[in-house]
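[1] fold the following for me, if possible:
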Amino acid sequence: MATAEDIRKALTWVVDPEIGLNIVDLGLVYGIEITEKKVAVTMTLTTQGCPMHDSMKVAVENTVNRLEPDKEAEIKVVWDPPWTPDKMTPQARAYLGV
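    Numbers count the residues shown, from 1 in each chain. A predicted model of the protein is given here:
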């Protein structure tokens, strides 16, 4: 059984194609909850009008399904709290010059 940390590590392979960094380092993953039947990932995007909304959500769902194929993957995209650059890791901020 995968842990929340296992899921978080796997999500580093999901890259925001407009920025070129993974969603974990960007601070877009707000939470991961694992139950007997479901893996729920709460995340956001850098902007509400992100044109990659659907593809990023599918990429997260596919990543969860690879680790936990017998559980439902529930991906919740939220806008509160809003994403800001201060949610990025120091490495991501340095890479982007923020």
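[2] which SS state does residue 56 fall under?
    Look at residue 56: counting by DSSP: H, G, I helix; E, B strand; the rest coil, its state is helix.
[3] ugh, wrong one, I meant residue 40
    Classified using three-state DSSP, residue 40 is strand.
[4] what's the answer for residue 31, then?
    Going by three-state DSSP: residue 31 is strand.
[5] figure out the helix or strand that the residue nearest to residue 65 when sequence neighbours are not counted lives in.
    Of all residues not flanking residue 65 in the chain, residue 73 sits nearest, at 5.3 Å (C-beta to C-beta, 6 or more residues apart in numbering). For every residue, glycine as well, the C-beta is placed using N, CA and C. Per DSSP states H and E: residue 73 is located in strand 72-77.
[6] same question, residue 49
    Going by DSSP H and E, residue 49 is not in any helix or strand.
[7] please state the offset of the strand holding residue 73 from the chain centre?
    In terms of C-alpha atoms, centre = their mean, to the nearest Å, the centre of strand 72-77 is found 10 Å from the chain centre.
[8] residues of it that come out buried?
    By neighbour count on 16 or more other C-beta atoms under 10 Å, the buried set for strand 72-77 is 73, 75, 77.
[9] give the contact list for the second one.
    In this structure, residue 75 makes contact with 40, 41, 43, 57, 60, 61, 64, judged by C-beta atoms under 8 Å, 6 or more residues apart in numbering.
[10] mind listing what the second one touches?
    Residue 41 sits next to 7, 11, 29, 31, 32, 60, 64, 73, 74, 75, 76 when contact means C-beta under 8 Å, 6+ apart.
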